[in-house]
Each structure stands twice: as C-alpha cells, then as structure tokens.
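Q: 3D, please:
(2 chains)
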Amino acid sequence: MSILSRLAPQDDDLEEVLKTMNKPVGSMHYDPWGFNKDTNHAAVALFKWMYERYFRVEATGLDNIPASGRCLLIGNHSGQLPIDAMLLGYAVATNPHGPRAPRAMIERFFPSVPFLGNLMNQIGAVVGDPINCRKLLENEEAILVFPEGIRGAGKPFSKRYQLQRFGSGFMHLAMEHQAPVVPVGIVGCEESVPTPAHSKLLARGLGLPYFPLTLPVVLPTRVRIHVGEPLYFPNDDVSEAQVSQYVDQVKDAIREQLSTGLENRKGVFQ
Amino acid sequence: MKPQIPEENPDTEITHTQNGGRRPQLLVTGAGGALAQRVIQRLKHHYDIIALDFRHRPEIQACSASYCVQFTKREFEDIFRNHNIEAVIHLGRISAFEQSRSSRYNANVIGTKKLLDLCVKYDVRAVQILSTYHVYGAHPYNPALIEEEAPLKAAELTMDLVDSVELENLAAIYLWKYPSLNVCVLRPCNIVGPGINNTMSRLLSRHYAPWVVGFSPMMQFLHVDDMADAVAASAHRHQRGVFNVAPEDWVAYTRALDECNCRKVPIPPVPDTVPKFISNLLGWRSFPRYLVNYFKYPVVIDGSLFRETFGFQPQYSPRELFAHYREMKN
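A: Numbers count the residues shown, from 1 in each chain, chains lettered A, B, ... in the order given. Predicted coordinates for the structure are as follows:
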C-alpha cells in the first residue's frame, strides 16, 4: 500500500465513480508507464478537498470530453506549480459524463527526482515523449497536454492569460492518430501564485527550469475550467506552415474558453 | 554418423548418438543452463539435439551428443563437420558478472562471430540468438514500451554492456548479409524462476535486497518455462528478425520485492555515484555497479511483435513468479 493510499480519506461515493473508470491495467494494477490504480484513486480522493473546497472549481463543458477512445485535452498552463494539471485531472477522473484516467505529459527531468517521479507516474503522469504519447493514443487514452510547457507555467504575473508559444508536437500526433483535440481554458490558476519575477541564479543552482520569486503560499483563488467542443484535423501530408495554422486554431479555441471564464467571474476569489 | 573426437582436444567430449541422421539436428549452446534444458525438453521430439556448453559437458539424456568446448577454439568447427546441423539456438551468452570484461567480449562477441561464420559455411538454416533487454539502457528519458527499432543505448551508459550491444550489432549484420541464415534475435525481459541464476533471480531470492531510495522503476518478469516456450515457438519457424519477449504485465520494483518477502536495504540516491560506490564496496553480484541505473529508471519493452508473430502467451502471472521466491525463503 502506497503512502497516498494510507493518507487518502475513505469516500464511498467517490469510489463508486472511480469504479466506473475503464482503465486497463495488468494483474498487479500497474500499466507500462507506472500508473497504479490504487495510488491514482487515493490521489483523486486527496485532491477532492482541494478541488471542491480550496479552489472551489467550477467546470463546464465536461460533456465535450469523449467518454472513451483516444483524445488530447489541450490547456493553457500557468501558476508556477502544476495545480492546473491536477485540477483538470480531477475533473476528468470524476467526469459525470464518463470518468477517465487522465494522462498528463510532464517534463523530462521528473523521473530523475527521487520519490516525486515515481509518485507522479503512479498517479498517471507520463514523461512528455512523442513515443509515450503515440503509445497512449494507440491505447485509447485521454492525454492532458500543456503545449506552452514551462514557458506557460513559469511566466510572470504581468503576462497572465497571454498564451505563450505552443509546441506543435501534439498536433502532429493528433493528425497522425486521428485523435480529437479538446480545447480547455483554465481561469484562476494564474492568480494562485502571483509571481512578479524569477531568479535565474537560483534556478541554475538548483537545477530547476525556473525559480519564482513569490509568496510561499498558494492563494485560494476560484478556478474555472471551461472545456470546448472537440476539434478534428485531417491526417494529410501538410507543410509545417499548415500545421502551425492548425495549432493557431487550437490556441484561438482556448482563448475563446478563457474569455468566457474571465467574463463570467465576479472576482479572483469569487 | 558417429561424431569424431579430436584426440588432441581434451576439452571436447561427445557422449552418444541415437538418431542415424533421420531427424533435423539442432545445436543448443549454453546447454547446461536452466533455460536451455527446458528448451531441449520441448524440442527433443522434433530434433536431434546437440548440446554444447563452454563451462562443462552437459549431462542431458535427451541429447544425441554433448560437447564442452570454447567457441573460439579450432575444435569448435568439428561439431559442424561431424553433424548435419540444420539450426542453432545460441543461449550460451556469458552474463556480465561471470567473467572479466575482456573474457566476456571474447566469448560473447568473437565467439558468436565464429559461430555465425560456421553457420554460414555449413549451410545452417536458422540461428536464434538470446540477447537481453539490457541493451536498451536504463535512462530517465526512456519511453515505455520500447520497440525493437529503438536505439541500443546501453553501450553509451556503461562499458560493461558493450559486449551485449556488439553481439546484437553482429547479429544484425549477419541478418541482412546472409538472409538464408534466418537469424532471429530474442531480447527477453527479466527471466526468473527455478534454476535461473541471473542478477534479478539472485536478488529476488535474497532475504535482503537493495533499494535506491525514492526509485521504483517498472519491470517485467518472465518465468523460465514461458521463456522456454517462447524459444521453442520461434525455433519451429525459421523467422528472421529481432523480437522483444515480454508479457503484457508490469510491476514496480519495490512491489516485486514486497511480493518476494525481500527486506529493502535503502541505498542513498544522491549524488549519482553513491549507489555505484556502495555496490562496488559490498561486491553484490545481484546489484552490480553497471546495472544500478536499471534499479532507478524503467526499461519497459514492447513484446507485442513477438506475441503476434508466434502466438505467444505467457502462462505464469507475476504473482505466481513471486510465490516461488517467497516459498524459497520459508
């Protein structure tokens, strides 16, 4: 039994929802990427309080996430910490229209970090490698991708809700494997860790991609997750310029979701 | 035809013949090992088996003849002269902990080249070579379900696995240069079970096993009987190619230790050199320095090509495998 399993509160209602999650695993509840059913369910139970009470998440459009089959959920990244990924992951795992095990793509340095790398794998995260992504799509899984990467997560407060450059890897995979692209706009995480500046020196010294100079707390902002309708792209042999145009379509769809979320909210904490 | 024993070679011994040349003859190297003996049991009804081992003369009733000879010796060719060998199963690879690096290179690379040259010269129709998943190398960037086309990074990470990678390169050269040789390379995951004496099997059979703190990579385990079935299945077909052999089941290393009732001995993970230093210091054969990264990062292979090509399905679950090691300790 993992540490998370020991810490997780007993929640029969949540357990009933998670039982309907159709995630194939081996005889000892693992999959090839290290996903462990028991640890995943324990993590979801632990996130519940954060999702419902701390960030008071309001999620709309969850019926746009296919209940089964391959898909890529593409979101905006922000907030210095991967809180947006955790909250979106919880929303996907407990989706009333069909709960799924979310597979978040993470940075390549995580497997080298003792405990954290294994823990993230057991919850469902996977190193952001194109081979992993291809295999997961062939396995008919739902993948969470934040194509801005650390450019988005580590951006300063002054650039909040401005989408940074998107990598095009997700689009190539979506086209090649005919996977629907589901745009997701996440509002609220930008303000949870407001960061005026970064320290390159500390980041270099600690071997981190960035080091935010900010408050040592995560603020209880109200988070809104808006899921748009799936987009489909043809599997044609097109130029990189055309692929970039497709990526821009996804960015526009995310901007649309972000605008809806920003217009609807009454305040950062409400 | 009765095999001739070169008088000047005391290392080469022949037992008896049974067949009179009616059935195809199959040479099995490394025949003294637990895997080879199981393979021979599965193939003895279809082939006349010629058993060969460089360590000692295999005492196997099911064999037409058995020899003890080094691959690099001239007398090795006499086996091909004296028998009409149709196929070879090359299981006689020296594990990294068995001999020095240069001896291993000589046996595994130079010796295998000699074997392959003789196979070409004597018109052998199929050669199966046992490799290992270690050739892919353990690296934090490794994707899961590594396919056969993936680069073999082990040589970049440790000099102690150079011979394994070179053996693969050699096999690949003969694969395309001599298509009629039908070279088939098998890259299995961890083979464990009764009689197996490799690193992983030794480790699981211990009461105390090392654990690099904070790491528990995904692993795959194959029972020796299942591996013997896999070798036998591919021996019946002269199928060229390179194949991973692994079940569709995965277990984290620490979970495997728990299931085998192994107590974990914590090894500090940082700096990187500490686990290797401790491995050297303690001289653990089941936790050798060059395999430390395999206890930190996953090397999960995709065995689907082999399963689909040969209709292979392992019979033993991980729980059944671990039960063997648990019972050993009781």
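
Q: where in chain B is pLDDT low?
A: For chain B, residues meeting the criterion pLDDT under 70 lie at B:1-22, B:96-98.

Q: would you list every one of the helices in it?
A: Listed in chain order, the helices of chain B (DSSP state H) span B:34-43, B:76-82, B:101-105, B:111-121, B:154-157, B:162-177, B:199-204, B:224-236, B:253-259, B:273-282, B:304-310, B:318-329.

Q: who wins for proximity to chain A among these?
A: Nearest to chain A, of all the helices of chain B, is helix B:318-329, at 5.7 Å by CB to the nearest CB. Quick note: C-beta positions are derived from backbone N, CA and C, even for glycine.

Q: ok, that closest one near chain A or not?
A: Yes. For a cut-off given as CB under 8 Å from any CB of the partner chain, helix B:318-329 has contacts with chain A, namely B:318-319.

Q: Show me what that helix packs onto, helices and strands only.
A: If contacts are counted by 3 or more CB pairs under 8 Å, 6 or more residues apart in numbering or on different chains; DSSP states H and E, helix B:318-329 sits against strand B:190-192, strand B:221-223, helix B:253-259.

Q: now the ones you listed as TSV including distance to chain A and mean neighbour count?
A: Putting the helices and strands packed on helix B:318-329 into TSV (distance: least, CB to the nearest CB, whole Å; neighbours: other CB atoms under 10 Å in any protein chain shown) gives the following:
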stretch	distance to chain A	mean neighbour count
strand B:190-192	15	24
strand B:221-223	10	24
helix B:253-259	7	20
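
Q: still on that earlier bit, now that we have the helices of chain B, can you turn them into JSON lines and tack on distance to residue A:111?
A: Shown next, in JSON lines, are the helices of chain B (distance: least, CB to CB, whole Å):
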{"stretch": "helix B:34-43", "distance to residue A:111": "32"}
{"stretch": "helix B:76-82", "distance to residue A:111": "44"}
{"stretch": "helix B:101-105", "distance to residue A:111": "29"}
{"stretch": "helix B:111-121", "distance to residue A:111": "34"}
{"stretch": "helix B:154-157", "distance to residue A:111": "15"}
{"stretch": "helix B:162-177", "distance to residue A:111": "23"}
{"stretch": "helix B:199-204", "distance to residue A:111": "21"}
{"stretch": "helix B:224-236", "distance to residue A:111": "28"}
{"stretch": "helix B:253-259", "distance to residue A:111": "14"}
{"stretch": "helix B:273-282", "distance to residue A:111": "15"}
{"stretch": "helix B:304-310", "distance to residue A:111": "24"}
{"stretch": "helix B:318-329", "distance to residue A:111": "22"}
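
Q: Any idea which of those helices gets closest to residue A:51?
A: The closest of these to residue A:51 is helix B:253-259. By CB to CB, the value is 28.4 Å.

Q: List the contacts of that closest one.
A: A:28, A:30, B:204, B:209, B:211, B:215-219, B:221, B:251, B:264, B:295, B:318-319, B:322, B:326 (CB atoms under 8 Å, 6 or more residues apart in numbering or on different chains).

Q: which of those residues are buried?
A: Those of the contacts of helix B:253-259 that meet the buried threshold are A:28, A:30, B:204, B:209, B:211, B:215-219, B:221, B:251, B:295, B:318, B:322, by 16 or more other CB atoms under 10 Å in any protein chain shown.

Q: Out of those, which comes closest to residue A:182?
A: Proximity of the buried ones among the contacts of helix B:253-259 to residue A:182 (CB to CB) peaks at residue A:30, which lies at 26.8 Å.

Q: Check the gap between the nearest residue to the closest one once chain neighbours are set aside and residue A:121 for me.
A: Among residues not flanking residue A:30 along the chain, residue B:250 sits closest, at 4.6 Å (CB to CB, 6 or more residues apart in numbering or on different chains). Using CB to CB, to the nearest Å, residue B:250 is found at 11 Å from residue A:121.

Q: Spit out the contact partners of the residue of chain B found nearest chain A.
A: Nearest residue of chain B to chain A, counting by CB to the nearest CB: residue B:214, 2.4 Å away. By CB under 8 Å, 6+ apart, the contact set of residue B:214 is A:113-115, A:117-118, B:269.
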